[in-house]
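Student: What follows is a protein structure lacking sequence information:
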């Protein structure tokens, strides 16, 4: 009797495995693929308009035909998402460098204080000139300047939030990484980014709203008497406001509401629901956030198929990341070498800073004399008073509301789009109503300006409070319920320690955002009526309009000094307190 052995089947090739996967695709996969293709097509068609020819001497004409609003909205959305992508990359790199290097931290964090205090108009003055020179005769230069301006309104808040999460990483996660000897690359992507994911998503959502707030300033630019405009909802609204056309302003507001709601439904709500899996807790929450879009994507085979195709790339990056070293190094530090290195670093950095300040002072001295600082220093006191009132008022109002929203997934689903719409509305859109209200009631713009500044700043406190409350582990909340801890004791023992690091991040960015918002809130224009408050924001706005660079530099420098001093005296001390006592 003879036996014949059947040959073993040949291993399936990658192409055959992919083909098998493709045959298993369902109608859900077809819908997802069609949506991605449509998105790519629209992006390419809209992107064609960014490279047309452009002359700096041509007259600016903004077409305010409502039929153009869909195209304008698409152009604005493209700028916003490009700026958000740039802000995310900047956040991950900058915050990591500041959190992991004690020497760099001494430079990067004060620099971040200064950068967030520099108004968008201050960045635009340099950006427009630089990008137009870099891309002469092309609209692409103006597009880059607008994207850079939006980037400067988004990046700082996200960076502060991620830096706070890195410096307050839970101790058990740090010990886990060290005990397993993770590479620094693995520690970053497997431990640190997941630990800060919730705050990063919510701060990204808030920063996106901050980008909407300054959209008019970014798309309709006036520098040194020369006006530039790009197709977009911001420039459309700016032209309608200048014309005093309430009907077209209404169309702009409706378009903005549709865009904000759509982006929230299709992008931010799925992200916030997805980020729930990064909560550091031992028991599952009774209610979790849900998203129709996220549930639909999870039914599709595309994410898993794409993940399998990209797995070799991820593994290759992981192996390459081992070159950065591992996380199991000893904590012993040679104090002598450390002090020597600190001294050399301080001397070099100090020399560069002093050289820059000396060069700036010499320029201002030659142009106008150092007395140019006197007026903005005095005007800064008025703006400082408005900022302090705003932060205190926003804290008292929005912290309890933010905790309530963060503790309730059901309430989060309802409140998130509403808050996102309110946070995203540019103050310029409300200038007609504000002007009418101030004139009708006789309310001075010096006081009413606080309300307009709040439109662009108070939401940082609310969003960071929501993120902090959502990050509090469910098991701790259930333990408080079992022990019957209520009222002030619950706030003292659980809520305040849990949200305090996030609140400090929100406070810093709200303070910086309020200074920045003063630029567009202390000068209110509608039609032929202009109301001007006494303050540093109005001073910088008028200097930008006139193209008076010495006064603009003096105003920006004074604003930076005020913001940095406030951060050093108040917010940095609260940061250290959060790191030392209030880490979950």
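Tutor: Happy to help now that I have it. Worth saying up front: this structure is predicted, and the values here are computed from it rather than measured.
Student: confidence score at residue 75?
Tutor: If you check residue 75, the pLDDT there is 90.
Student: In the stretch 401-550 of the chain, mark out all the helices, start to finish.
Tutor: Taking DSSP state H, counting those that start in this stretch, the helices of the stretch 401-550 of the chain run over residues 409-424, 431-441, 445-471, 474-483, 487-490, 496-521, 536-546, 549-566.
Student: how about the helices of the stretch 1-150 of the chain, start to end?
Tutor: Here the stretch 1-150 of the chain has its helices, by DSSP H, counting those that start in this stretch, at 14-23, 27-47, 69-100, 102-117, 120-134, 139-167.
Student: Deepest in the core, which of the ones you listed is it.
Tutor: Among the helices of the stretch 1-150 of the chain, helix 139-167 has the highest mean neighbour count (mean count of other CB atoms under 10 Å), at a mean of 25. C-beta coordinates here come from the backbone N, C-alpha and C atoms, glycine included.
Student: What are the contacting residues of stretch 34-53?
Tutor: In this structure, residues lying in contact with stretch 34-53 by CB atoms under 8 Å, 6 or more residues apart in numbering are 71, 74, 75, 78, 137, 138, 139, 140, 143, 231.
Student: Could you rerun that using 10 Å?
Tutor: For stretch 34-53, the external contacting residues (CB atoms under 10 Å, 6 or more residues apart in numbering) are 71, 73-79, 81-82, 135, 137-144, 146-147, 230-231, 266, 293, 296-297, 302.
Student: Stretch 561-575 now?
Tutor: Against stretch 561-575 from outside (CB under 10 Å, 6+ apart): 109-118, 160, 163-164, 167-168, 373, 376-377, 380-381, 383-384, 387-388, 391, 500-501, 503-505, 507-509, 511-512, 514-516, 536, 582.
Student: mind listing what's buried in it?
Tutor: Within stretch 561-575, the residues that count as buried by 16 or more other CB atoms under 10 Å are 561, 562, 563, 564, 566, 567, 570, 571, 572, 574, 575.
Student: Going by distance to residue 218, which of these wins?
Tutor: Ranked by distance to residue 218 (CB to CB), these are led by residue 563 at 20.9 Å.
Student: Poorly predicted segments of the stretch 451-584 of the chain, please.
Tutor: 526-528, 582-584 (pLDDT under 70).
Student: hey, which of the helices of the stretch 401-550 of the chain is tucked in deepest?
Tutor: Of all the helices of the stretch 401-550 of the chain, helix 496-521 carries the top mean neighbour count, a mean of 27, counting by mean count of other CB under 10 Å.
Student: related to what we said a few turns ago, right, so of the helices of the stretch 1-150 of the chain, which gets closest to residue 312?
Tutor: helix 14-23 (10.2 Å).
Student: pLDDT (mean, whole number) over the closest one?
Tutor: 58.
Student: if I look at the nearest residue to residue 154 once chain neighbours are set aside, how far off is residue 28?
Tutor: In space, and not counting its chain neighbours, residue 154 is closest to residue 207: 3.8 Å by CB to CB, 6 or more residues apart in numbering. For residue 207, the distance to residue 28 (CB to CB, to the nearest Å) stands at 32 Å.
Student: now residue 140
Tutor: 38 Å.
Student: one step back: burial of the residue nearest to residue 154, as a residue count?
Tutor: Other residues near residue 207 number 28, with proximity taken as other CB atoms under 10 Å.
Student: Quick one: work out the angle between the one helix or strand it maps to and helix 445-471.
Tutor: Assigned by DSSP states H and E, residue 207 belongs to helix 197-213. With axes from the mean of the first three to the mean of the last three CA atoms, to 10 degrees applied, the angle from helix 197-213 to helix 445-471 works out at 160 degrees.
Student: Now do helix 197-213 and helix 120-134, the angle between them.
Tutor: Using the same axes, to 10 degrees: helix 197-213 against helix 120-134 is 80 degrees.
Student: average pLDDT across helix 197-213?
Tutor: Helix 197-213 comes out at a mean pLDDT of 82.
Student: and it with helix 69-100, angle?
Tutor: Using the same axes, to 10 degrees: helix 197-213 against helix 69-100 is 130 degrees.
Student: Next SSE downstream of helix 197-213?
Tutor: helix 215-219.
Student: Contacts only, for residue 532.
Tutor: 445, 446, 449, 522, 523, 524, 525, 538, 539, 541, 542.
Student: If we use 8 Å, what do you get?
Tutor: Neighbours of residue 532 in contact, by CB under 8 Å, 6+ apart: 445, 522, 523, 524, 538, 542.
Student: Could you do residue 419 as well?
Tutor: Residue 419 neighbours (CB under 8 Å, 6+ apart): 405, 459, 462, 463.
Student: Any stretches of the stretch 101-250 of the chain with poor pLDDT?
Tutor: In the stretch 101-250 of the chain, residues with pLDDT under 70: 117, 119-122, 125, 222-226.
Student: Quick check: chain neighbours aside, which residue is closest to residue 213?
Tutor: Excluding the flanking residues, the one nearest residue 213 by CB to CB, 6+ apart is residue 456, at 4.5 Å.
Student: how far away is residue 549 from residue 441?
Tutor: 38 Å.
Student: What of residue 139?
Tutor: 43 Å.
Student: now swap in residue 98 and tell me
Tutor: Using CB to CB, residue 98 is found at 46 Å from residue 441.
Student: Pull the number of nearby residues for residue 278.
Tutor: By other CB under 10 Å, the burial measure for residue 278, its neighbour count, is 16.
Student: Now it. Nearest residue, chain neighbours left out?
Tutor: Spatial nearest neighbour of residue 278, excluding adjacent residues (CB to CB, 6+ apart): residue 197 at 4.2 Å.
Student: quick one: that neighbour from residue 136, how far?
Tutor: Counting by CB to CB - residue 197 and residue 136 are separated by 42 Å.
Student: Fine by me, we can end here.
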